[in-house]
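1. Sequence first, predicted model second:
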Amino acid sequence: MPNIGSPPARESGPPPSPHATELYRLLVERVTDYAIFALDPGGHIVSWNPGAQRLKGYLAHEIIGKHFSIFYPESDRRAGKTEWELEVAMDVGRVEDEGWRLRKDGTRFWANVVITALRDDDGRLVGFAKITRDLTERMEAQERAINDARRLAEVEGLSRAKSQFLASMSHELRTPLNAIGGYAELIEMGLGGSVSEQQREYLARIRSSQQHLLRIINDLLNYSRIESGKLTYEQEKVPLRAVIDAVASMVGPQAAGKNITVETPPCRDDVIALADRLKVEQIVLNLVTNAVKFTPPTGRVTVACQSGEDQVKLTVADTGPGIPGDRIDDIFEPFVQLGRSLSSGHEGAGLGLAISRDLARAMDGDVTVESTSGKGATFTLTLPTAAATRHA
């Protein structure tokens, strides 16, 4: 609805001096940001300032004498909007409105319009003053802000739904998978009767597949927790040497199965991060497991650490096929599995690196990679040092 104000008070006193009249004329003529013009009592245009010409596109001789409804869209004219505005202005003194208006070339602009009734000393209506501002840019900016907020809300809603789905499915799938592993172990122990060597081989394959699926589901669950912000972090002093030793022992059987050497050069005892111990181990385990997975047989994986002034670094370097330069950024995206060769299939959901980087960044660190295709890759985990954090 238009905003309707009270009529301006009519001042009494002597008529304005010629100087004041000339000053008023110059004021109206010099204004170019507003269309300022007068209407007769019937709504026909009787004056036209340069601002009106710039905004609406008509020269004075083209528009004077025409009815001001020419600026209104057809729908407004059919609805009698121009007549209504003049009636309101006559009744209460002025009327203010916003809406689409038309230029000479037919293009639209969003206008703020104020129409004020003009009366002589005896109170007789002699015409109307009409002031128009172009608010198209402001209106479009408001619309963009509304659309951006709507899109953001939709994205956030989809993200929450995805996280809830991943968390729910992870919980639902882990229960039967744990049962499969448990029953396979009971059978393998002979609790249901004797087991042949061939049956033991089959049971080992069942348990291997069960553990593989369980790892994927755990990755999905961890990813959903990270996205929803539900993971908590217990900050403590974490010696990187102890982390490397623990991970090397866990990855040893996998590396031995491919005849891959895992080297762990001496790491000083004073290379200590301030971080969550379990999450650091998870990151390093992901990095070393990936390195072993993508390194060909008889290759080498090197896990080393070093200390800086404000950060500690743990590097995992391999002698695998490397990562093409145009795909470096892709490997940290969720569910992306390049396979290094881009043609061979590898187990996993493609979440390990995404999870590792998110965990590191949540602890004020990062995971980065340097690689040359055909010459291996080096992943670097950086974390704040315990000393730097303590003295900060």
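-> Happy to help now that I have it.
2. Within the helices and strands, which one has the closest residue to P73 other than its chain neighbours?
-> Distances taken as Cβ to Cβ, 6 or more residues apart in numbering place W100 nearest to P73, at 5.6 Å, with adjacent residues excluded. Backbone N, C-alpha and C define where each C-beta goes, glycine included. If you go by DSSP states H and E, W100 is part of strand 94-102.
3. Settle this for me: the residue nearest to P73 is touching N112, isn't it.
-> No: using Cβ atoms under 8 Å as the test, W100 is too far from N112 to be in contact (11.8 Å).
4. hmm, back to that, and the strand holding W100, how far out from the chain middle?
-> 37 Å (Cα atoms, centre = their mean, to the nearest Å).
5. Show me what that strand is packed against.
-> Secondary-structure packing of strand 94-102 (3 or more Cβ pairs under 8 Å, 6 or more residues apart in numbering; DSSP states H and E): helix 81-92, strand 108-119.
6. Tabulate the ones you listed in JSON lines, adding columns for distance to F294.
-> Output for these, formatted as JSON lines (distance: least, Cβ to Cβ, whole Å):
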{"stretch": "helix 81-92", "distance to F294": "70"}
{"stretch": "strand 108-119", "distance to F294": "58"}
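7. ok, the residue nearest to P73 - contacts?
-> W100 is in contact with P73, D76, R108, F109, W110, A111, counting by Cβ atoms under 8 Å, 6 or more residues apart in numbering.
8. Bridged to it, which residues?
-> Beta bridges link W100 to W110, judged by DSSP bridges.
9. separation between it and F109?
-> In this view, W100 and F109 are 7 Å apart by Cβ to Cβ, to the nearest Å.
10. How are the helices of this structure distributed by residue range?
-> 18-30, 50-56, 60-63, 74-78, 81-92, 136-188, 197-228, 240-257, 277-294, 352-362, 386-391 (DSSP state H).
11. What's the mean pLDDT across the last one?
-> It refers to helix 386-391. For helix 386-391, the mean pLDDT works out to 55.
12. Over to the fourth one?
-> Throughout helix 74-78, pLDDT has a mean value of 92.
13. I'd like to know how many residues surround the residue lying closest to L278 once chain neighbours are set aside.
-> Leaving aside its sequence neighbours, L278 sits nearest to E234 (Cβ to Cβ, 6+ apart; 7.9 Å). E234 has 9 neighbours, counted by other Cβ atoms under 10 Å.
14. what do you get for the one 3 residues further on?
-> K237 is flanked by 14 other residues according to other Cβ under 10 Å.
15. ok, it - contacts?
-> Contact analysis of K237 by Cβ under 8 Å, 6+ apart lists I272, A273, L274, A386.
16. Buried subset of those as a ChimeraX selection?
-> ChimeraX command restricting the contacts of K237 to the buried ones, with burial defined by 16 or more other Cβ atoms under 10 Å:
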select :272,273,274,386
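17. In TSV, list the contacts of K237 along with distance to N178.
-> Formatted as TSV, the contacts of K237 follow (distance: Cβ to Cβ, whole Å):
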residue	distance to N178
I272	36
A273	32
L274	34
A386	37
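18. Report the separation between the residue nearest to L278 and D270.
-> Distance from E234 to D270, by Cβ to Cβ: 22 Å.
19. what does G123 give?
-> 94 Å.
20. ok, now G106?
-> From G106 to D270 the distance is 77 Å (Cβ to Cβ).
21. go on, I180?
-> Counting by Cβ to Cβ, the gap from I180 to D270 is 45 Å.
22. So these two - more neighbours on which side?
-> Here I180 and D270 are compared on neighbour count by other Cβ under 10 Å; more neighbours surround I180, at 16 against 13.
23. Touching, that one and I206? I think so.
-> Yes: contact criterion Cβ under 8 Å: I180 and I206 qualify, at 7.0 Å.
24. Work out which residue lies at the spatial centre of this protein.
-> Compute the mean C-alpha point of the chain, and by Cα atoms, centre = their mean the closest residue is L152, 7.1 Å away.
25. and P266, how many residues sit next to it?
-> 8.
26. How about L351?
-> A count of nearby residues for L351, using other Cβ under 10 Å, gives 23.
27. Tell me how far it lies from I180.
-> Counting by Cβ to Cβ - L351 and I180 are separated by 22 Å.
28. what residues are up against the closest residue in space to R207 that isn't next to it in sequence?
-> Using Cβ to Cβ, 6+ apart and skipping residues adjacent in sequence, the residue nearest R207 is A184, 5.0 Å away. Under the criterion of Cβ under 8 Å, 6+ apart, the neighbours of A184 are L203, I206, R207, Q210.
29. Hmm, L186 and the first one touching each other?
-> No: counting by Cβ under 8 Å, L186 is not a contact partner of L203; they are 9.9 Å apart.
30. And those two? Which one has more around it.
-> Neighbours were counted for L203 and for L186 using other Cβ under 10 Å; L203 has more, 18 against 12.
31. Give me the domain ranges for this protein.
-> Per automatic domain parsing, the structural domains of the chain span 18-134, 141-228, 236-391.
32. what's the average pLDDT for the second one?
-> Domain 141-228 carries an average pLDDT of 73.
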